[in-house]
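Trainee: Generate a structure from the sequence data that follows.
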Amino acid sequence: MSKAGAYKDILLDDLTVIYTGCDEELIDELKNLQSKQFRYIIAQNGSEGLDLFNKYVPHIVITDTLMPVMDGISMASAIKIKNPAAQIIMLFNSEELPYLTKAIDIGVDKFIRKPIDTDMLEIAIKQLMITYFQKQEINALNVEIDKILEGIFGSSFVIKENMFNQIKDAFRLNFPVLIQGEEGVGKSSVAFIIHGLSDRSEKPYIVLDFKRLTEKTIEGKLFGEELNTKEKAAKSVAIFEQTAGELTLVLENIDNMSLKMQGKLLKILRNKEDMLHAIKLISTCGPDLADLIQHSMFNKELISKLGQITIKIPPLRERPEDIPIIVKKILNDIIRELDKDTIELNNNIMKTLVSYNWPRNFRELRGVLRNLVLLSESVYLQPEEVKYLFNNPKKMTISKKKEKSTRTAVLTLKEAEEWAIKNALMQTKGNKTKAATLLQVDFKTLLRKMKIHGI
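Mentor: Residues are numbered from 1 along each chain as shown. Got it, this is the predicted structure:
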């Protein structure tokens, strides 16, 4: 059943309409409609109509254009300033046509020429009410979505006003989506949320990670390349040929994609735009695509194709006010996962968590909190224990409650290199070009080393 059909029987139940004007014939028609569908309130001029609007907050305002005391244009303007969502139908005759331009600028929703056909008026009222109920549903859905997203990502201004709205656009509109952010900020989670909220939530969800899979494997899945050229094995079923059924395709870590693969993907996106109606394409990458483009390591046109909607997830260090909310959510998840008793983090520990810069974001925070849950059974937690976990998430050993650990660690050459890279990225706030300069290596070497260490 369509939305219009679903609303058909409830549109005019308990509906309040204000008519502002002095058309006696129309008033009689409204009385006839009132007996079977809605109640109406009559105002003789715009000033009276405005007072009644403030008193009753009606669903619909019907108004003449020109009236004594205050005309319909002035009243509509005052109503829209007070409540931009108010729905107004303006009635006009031929002589009043010059006034309608201003009414359009004000935001009047519908116009009906006199003499009034009450059937047309009823249709206009129903159309506006369908819009009204749809907006109500969307607003209610937005509230629920905001609650879900706040529990995961926090509620700071930069998150609610930017990222949340971008996520809503991404699941409602069938455009390719690009999710940008540092390691561990939750790019995969955002991609799955978009899929789960979309009308494809029951359809296949396919993830191809350029950081974990070989390009040959990904090529086979995307384009149907031969998987074994020596034995001439049968071609795999190409994802980009699966236009018969809808699906969501997530290309993770596209900043690891070779130029050759970029060219093949761009060719597909240029020549098979119809395919994108069947495939919801979501890509994820780090925050430094601009650097890659500048160093001729990524195709600028491909980014414009993949990022018709772009979602940028800010790192935790840029929104410390979100950390307490995020800690609570992750902590509850870990406690359920490990089947442990609830633990309370005192203010000093929470301050320590908030003040840390979290170079690996959610991923690091989750690891630290998991260790805190495990340690809470054998040690009285202090901020010092938490700080040690920041740098040694896998090397914490405590034998007795309130007993300090013996902590000795010698870094291998590989560990030292990994530490140096992470430290440089932390000092440059994730800027790879500046980090490469700090480490005295070229940009490509830094990217290769980061790939080796899984950074």
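Trainee: Which parts of the stretch 1-150 of the chain are strands?
Mentor: Taking DSSP state E, counting those that start in this stretch to define them, one finds strands in the stretch 1-150 of the chain at 15-20, 38-43, 60-64, 87-92, 110-113.
Trainee: okay, these in a markdown table with mean neighbour count and mean pLDDT next?
Mentor: No exception for glycine: its C-beta is placed from N, CA and C like everyone else's. Converted to a markdown table, those look like this (neighbours: other Cβ atoms under 10 Å; pLDDT from 0 to 100):
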| stretch | mean neighbour count | mean pLDDT |
| --- | --- | --- |
| strand 15-20 | 22 | 87 |
| strand 38-43 | 19 | 83 |
| strand 60-64 | 25 | 93 |
| strand 87-92 | 22 | 94 |
| strand 110-113 | 16 | 94 |
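Trainee: Distance to residue 168 added to those, as JSON lines?
Mentor: JSON lines is the format used below for these (distance: least, Cβ to Cβ, whole Å):
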{"stretch": "strand 15-20", "distance to residue 168": "29"}
{"stretch": "strand 38-43", "distance to residue 168": "33"}
{"stretch": "strand 60-64", "distance to residue 168": "28"}
{"stretch": "strand 87-92", "distance to residue 168": "23"}
{"stretch": "strand 110-113", "distance to residue 168": "27"}
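Trainee: Which among the ones you listed is found nearest to residue 284?
Mentor: With Cβ to Cβ, the closest approach to residue 284 among the strands of the stretch 1-150 of the chain belongs to strand 87-92: 40.9 Å.
Trainee: Relative to the whole chain's centre, how far out is the closest one?
Mentor: From the chain centre to the centre of strand 87-92 is a distance of 36 Å (Cα atoms, centre = their mean, to the nearest Å).
Trainee: That strand pairs with which strands?
Mentor: If you go by DSSP bridges, strand 87-92 pairs up with strand 60-64 (parallel), strand 110-113 (parallel).
Trainee: which residues sit against that strand?
Mentor: Strand 87-92 is contacted by residues 21, 23, 26, 59-65, 72, 76, 79-80, 99-100, 103, 107-114, 116, 121, 124-125, 128, 131-132 when judged by Cβ atoms under 8 Å, 6 or more residues apart in numbering.
Trainee: hang on, the earlier thing: distance to residue 414 added to the strands paired with strand 87-92, as CSV?
Mentor: CSV is the format used below for these (distance: least, Cβ to Cβ, whole Å):
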stretch, distance to residue 414
strand 60-64, 71
strand 110-113, 70
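Trainee: how many neighbours does residue 272 have?
Mentor: 14 (other Cβ atoms under 10 Å).
Trainee: In this model residue 223 seems to touch it, though I could be wrong.
Mentor: No - in this structure, residue 272 is not within contact of residue 223 by Cβ atoms under 8 Å, at 11.1 Å.
Trainee: list the residues that contact both of those two?
Mentor: Taking Cβ under 8 Å, 6+ apart as the contact rule, residue 272 and residue 223 both touch residue 240.
Trainee: Can you tell me how far residue 192 is from residue 252?
Mentor: Between residue 192 and residue 252 the computed distance is 11 Å (Cβ to Cβ, to the nearest Å).
Trainee: quick one: which of those two has more around it?
Mentor: residue 252 (20 against 17).
Trainee: Is the more buried one bridged to anything, and to what?
Mentor: residue 209.
Trainee: Who are the contact partners of it?
Mentor: With Cβ under 8 Å, 6+ apart as the criterion, the residues that contact residue 252 are 187, 188, 191, 207, 208, 209, 210, 211, 283, 284.
Trainee: This completes my enquiry, with thanks.
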